[in-house]
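S.K.: sequence below, structure please.
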Amino acid sequence: MVRIIAIDPGSVVTGVAVIEAERQRYRHLYHGHLRVKGDAWSERLYCIFREISGLTAEYQPHEAAIEEVFMSKNAMSALKLGQARGAAICALAEQGLPVSEYPARLVKKTVVGTGAADKSQVQHMVGAMLGLQGKIQADAADALGIAICHAIHRNSPIHRLGVKK
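M.R.: Prediction:
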């Protein structure tokens with residue numbers, strides 16, 4: 001059984017999830033979202049680092065997965081997202097975790113069956129796959145989807161051929 005922490009990075013809200021996976025069975029341990037706090041940008045990045053460090057210390061995952069950065073129309077937004085990812089990756093690396101990166105389209109295709117799925121479809125499917133009741137906050141649902149995607153692809157040829165580790 002492997003314990004996976006997954007991160008859906010954001011400069012305002014960061015989704016986080018922890019699951020255990022064995023073959024095609026998944027056990028939910030935690031999901032939530034971090035409302036990034038701080039006035040200065042450095043404080044906000046440190047908030048991400050500190051909170052993820054705390055969760056890794058608490059849940060002791062074996063592996064980590066994070067969503068790849070995508071280029072949006074706004075270069076400044078992409079830059080801030082990249083910095084938020086960097087803070088999260090540093091928190092994971094500090095714990096000695098191997099970090100795999102997955103594109104959003106692969107996560108959606110893996111969980112929902114189409115790379116063009118919307119947030120509500122991801123929320124529904126991760127809830128169904130993990131036996132969770134009620135609506136899951138969107139960023140937390142994305143993190144759960146990243147964790148499930150990693151559990152499915154971590155030993156597959158797709159992981160070895162193109163997903164960054």
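S.K.: okay, CA-based contacts and neighbour counts for the rest of this
M.R.: OK.
S.K.: skip the chain neighbours and tell me the closest residue to Lys80.
M.R.: Ser11 (6.3 Å; Cα to Cα, 6 or more residues apart in numbering).
S.K.: I misspoke; the intended subject was Cys149.
M.R.: Nearest non-adjacent residue to Cys149, counting by Cα to Cα, 6+ apart: Val107, 5.5 Å away.
S.K.: so the one you found sits against Ala116, correct?
M.R.: No: counting by Cα atoms under 8 Å, Val107 stays clear of Ala116, with 10.2 Å between them.
S.K.: compare those two (neighbour count), which wins?
M.R.: Each of Val107 and Ala116 has its neighbours counted (other Cα atoms under 10 Å); Val107 has more, 26 against 13.
S.K.: state the helix or strand in which that one lies.
M.R.: helix 104-112 (DSSP states H and E).
S.K.: that helix - what's its average pLDDT?
M.R.: Throughout helix 104-112, pLDDT has a mean value of 96.
S.K.: likewise for stretch 87-101?
M.R.: Computed over stretch 87-101, the average pLDDT equals 96.
S.K.: in the chain, where is pLDDT below threshold?
M.R.: Where the chain drops to pLDDT under 70, the residues are 71-72, 158-165.
S.K.: what ranges do the helices span in it?
M.R.: 41-59, 75-94, 104-112, 119-130, 138-153, 157-162 (DSSP state H).
S.K.: tell me the most buried of the ones you listed?
M.R.: Most buried of the helices of the chain by mean neighbour count (mean count of other Cα atoms under 10 Å) is helix 138-153; its value is a mean of 26.
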